[in-house]
Every structure is written in C-alpha cells, then in structure tokens.
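S.K.: this one's sequence-less:
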C-alpha cells in the first residue's frame, strides 16, 4: 500500500512522507497499523481529534443521525442537527461574543473559514488591507497563504509575533512583548507608515505551525484595545487552539479578550470536516451567496461536533489540559537539562513544542544556538521506531510538536514522555557518531 501510494499520489503529500504507517484501527490515543504495530498518536489529526480516535460519544452521535434516516447533506438548510450544534457552540463562546453573534458555515476546511473571515471584514469595513504576524499559519488557499508567514507579494502587512527564545528584538519576556505591541500601535497610528487603515487583524492565540509560540496575555490585550480603539476588526484564528486545546475553551480566554471574529474548525467537527466563522452581528453585511460552499451542511460532522463540544464542557477537559500540560512542560524542561540539543521547551495546555538546536555551533553573543532541523527529523524518526507519532513545525521544521487528545491519561502521558526522552537520546547519539558538522547561524 505504501509503495502504491508513493506511485499514485501527488508529490504534495506531507504526513505520509515522514510517517510510513498504514492505520487500520484506532481508539483514543492508539493507532494500530496494518503490520500489527501500535502507536501512541500525538498528532491527533493535526489537532482535529480532541477526544482521540473513535470516541464512544462521537460514534454514538454519528450512528444516531445515520439510523434516523435524516439527510446527510443539506447545504445551508435548517435541521434539528444543525440547530443542536449552533446551540452548543453558542453556549461555549466567549459570553460577550455569544450575546451578539452570527455564525457562517463555510466549506469544511479551516482555510476556507479564514477566507470567509477575510472577505467578511473587507466587505464590512470597505477596506482591503490585512495585518498579520510573522510565523503565522492560516491555511493553504490563496488568501490564507497571503496572511501566513511564508507569503510574498501580497496585500498583507506583517508584524512581529512575540517570542521569548528567538525574540525579534533580542529581548524576550515582557520587554520583548512590549516592543512588539508598541510597533503595532505605532504602525496603525503613523500616517507615513505606508499602511492604510486595515480591514482587519488576524492572529493565532498560540502559533502552532510557526513553532508553538503562545501569545503573551498582556500583548494580546494591548492588541485588542488597539484594534478596538481604531475600529479594526480583530480575527482570532482558533482552528487549532479551540475547544480546550490550550487549557481554556478558547485560546483568547487566557487573556480575557473577546475578538470580533473567530475562525473555527478541526475539533469542532468531532473528527469530521466542519468549519465556521463566528462574528459580531454588526459585521453581518453579506449579500446572499457572498461566501458559500456545497459541503457546508454536513450533518454527521455537526452531530459529532455537538457531542465533542458538550463532552469537553461537561467533563472540564480544558482544565484537565491545563493541569496535564503543566506536568508535561515541567518534565520536558527537566529533560532539556540533560540534552543540550533541546534549546527550548514551550507551549500551553496540550499544545507543546521542543525546539532542537545544534549546541556545538559557534556561539554568537546574545543569540541562541541555531535551529537543527536534521536533529528534529531524527527525533521524529526515533519516536516512530518507539511507537510514538509526533509532528514537526517551526520556522526551520526544528520543533517537535505534541498534540495529544484531551482525553490523555496520566499513564499515557508518562508513556509518551518516556518514549520521547528515549528518542531524543538516540537521535543525539546518532548525530554525534555521524560526525555531523556544527550548523552555522543564518
């Protein structure tokens, strides 16, 4: 099957290259491959599987719709399943947004919801420009890529996103975040900045693909005030951070801010394709059909999403993610003390990353060691050999990311950490034996 996949499928495939696994069964954290091997899945469908694989409440919700004889695809017509989903979704939104919100069902991918959000604020404000941030990832369609960190020749102004380890101002901490906020405020107010009043500002409460960088709470609050004072809609991309992932139901909850627009996908579909944009009613200036999509009426996804949202709420899984996430961060920071190849450990809730670096590189005063994507790839491979599936991310693909389901148990967390620790040790040993030359700073 793997050989046929490599011959038949597009060169654009990604996960299949690093993870030569043929899943045939899955439950919770565990995947079983066609070869009989079992893996602990800390990729979770890139964060889609909030409750892990085939959770009973999700399967029951899907079976109930199938057995009822209800239509499975209804475009944007009203149905009892859809009504239940929107009711549960609104019950979990930040209260100030839920009290005055509209929801737009989009095509079933998060990137389509981003496109809808950008069109929404442009239509509502009559302006065109968008402010986004370095390191951002908002999807793979044209407008979403324009707002992402690797774009070129676009209508998007990019500002620095705060980082402690590789602060763009060489400061880190509160001082670095303050400088990032000051730059944003100055750019929005300076009539000679070359940046006209934008239609909106889009950001991730935690940058995932960018390397697992949590937004400092004070920085996010300052941006909320800056955009609010200047009449600029603030768009929170919660595609990966939403539904308890970061230790709060929504990533923006940590800072106590309410955005004007929230982009939601992944976990809200309970493992099935679903995406929505939720926004303040005052922005609802759409003409009929201004943003549509054939597959915005997926009843199985809405039923699975309702079950997932309710289960996370009722079982306080966001709080559980916060507590378990702190335990994981503590363990990984302890691990870093024994492995010079781990430059930094960071994250929020069950969204964690370790950045791999080359400690033998010639030191540069005031700068951390250069990123080491080869070592990160070796760690990923060693994890897979030990039955642990992890993802890579970051600017240089040098960050090993953990996105386990929110149902992760203490025992499973220990198993994940043990396998990861063994993989790091093995990867460093192989690197040292190979006589790999030190990396240079870019």
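M.R.: That came through fine. Model, not experiment: these values are computed from the prediction.
S.K.: what about the strands in the stretch 1-150 of the chain?
M.R.: Counting by DSSP state E, counting those that start in this stretch, the stretch 1-150 of the chain has strands at residues 23-27, 30-33, 38-41, 101-105, 130-133.
S.K.: Which other helices and strands does the first one contact?
M.R.: Spelled out, that is strand 23-27. For strand 23-27, the packing partners by 3 or more C-beta pairs under 8 Å, 6 or more residues apart in numbering; DSSP states H and E come out as strand 30-33. Just so you know, the C-beta spots here come from the backbone N, C-alpha and C atoms, and that holds for glycine as well.
S.K.: tell me the most buried of the strands of the stretch 1-150 of the chain?
M.R.: Stretch with highest mean neighbour count among these: strand 130-133 (a mean of 25; mean count of other C-beta atoms under 10 Å).
S.K.: thinking again about what came up before, can you say which of the strands of the stretch 1-150 of the chain is nearest to residue 313?
M.R.: Nearest to residue 313 among the strands of the stretch 1-150 of the chain is strand 101-105 (17.4 Å), distances taken as C-beta to C-beta.
S.K.: Relative to that closest one, what are the paired strands and their orientations?
M.R.: Strand 101-105 has the following strand partners under DSSP bridges: strand 276-280 (antiparallel).
S.K.: pLDDT (mean, whole number) over the partner strand?
M.R.: Mean pLDDT, computed over strand 276-280, is 97.
S.K.: quick one: it to chain centroid distance?
M.R.: 18 Å (C-alpha atoms, centre = their mean, to the nearest Å).
S.K.: following that strand, which helix or strand comes up?
M.R.: Note on strand 276-280: by DSSP states H and E, the next helix or strand toward the C-terminus is helix 299-314.
S.K.: just the angle between that next one and strand 276-280, please?
M.R.: 60 degrees (axes from the mean of the first three to the mean of the last three C-alpha atoms, to 10 degrees).
S.K.: Same question for helix 299-314: list its buried residues.
M.R.: Residues 299-313 are the ones in helix 299-314 that count as buried (16 or more other C-beta atoms under 10 Å).
S.K.: ok, residues contacting that helix?
M.R.: Contacts to helix 299-314, defined as C-beta atoms under 8 Å, 6 or more residues apart in numbering, come from residues 50-51, 55, 57-58, 60-62, 64-66, 70-74, 79, 81-82, 84-85, 88-89, 91-92, 108, 243-244, 249, 267-274, 317-318, 406.
S.K.: Helices - which of those land there?
M.R.: Among these, the members falling in helices (DSSP state H) are 57-58, 60-62, 64-66, 81-82, 84-85, 88-89, 91-92, 317-318.
S.K.: Checking the residue nearest to residue 357 when sequence neighbours are not counted next. Helix, strand or coil?
M.R.: With C-beta to C-beta, 6 or more residues apart in numbering as the criterion, residue 357 has its nearest non-adjacent residue at 3.5 Å, and that residue is residue 343. Here residue 343 is strand, with the state taken from DSSP: H, G, I helix; E, B strand; the rest coil.
S.K.: Quick check: residue 343 touching residue 367?
M.R.: No: using C-beta atoms under 8 Å as the test, residue 343 is too far from residue 367 to be in contact (10.9 Å).
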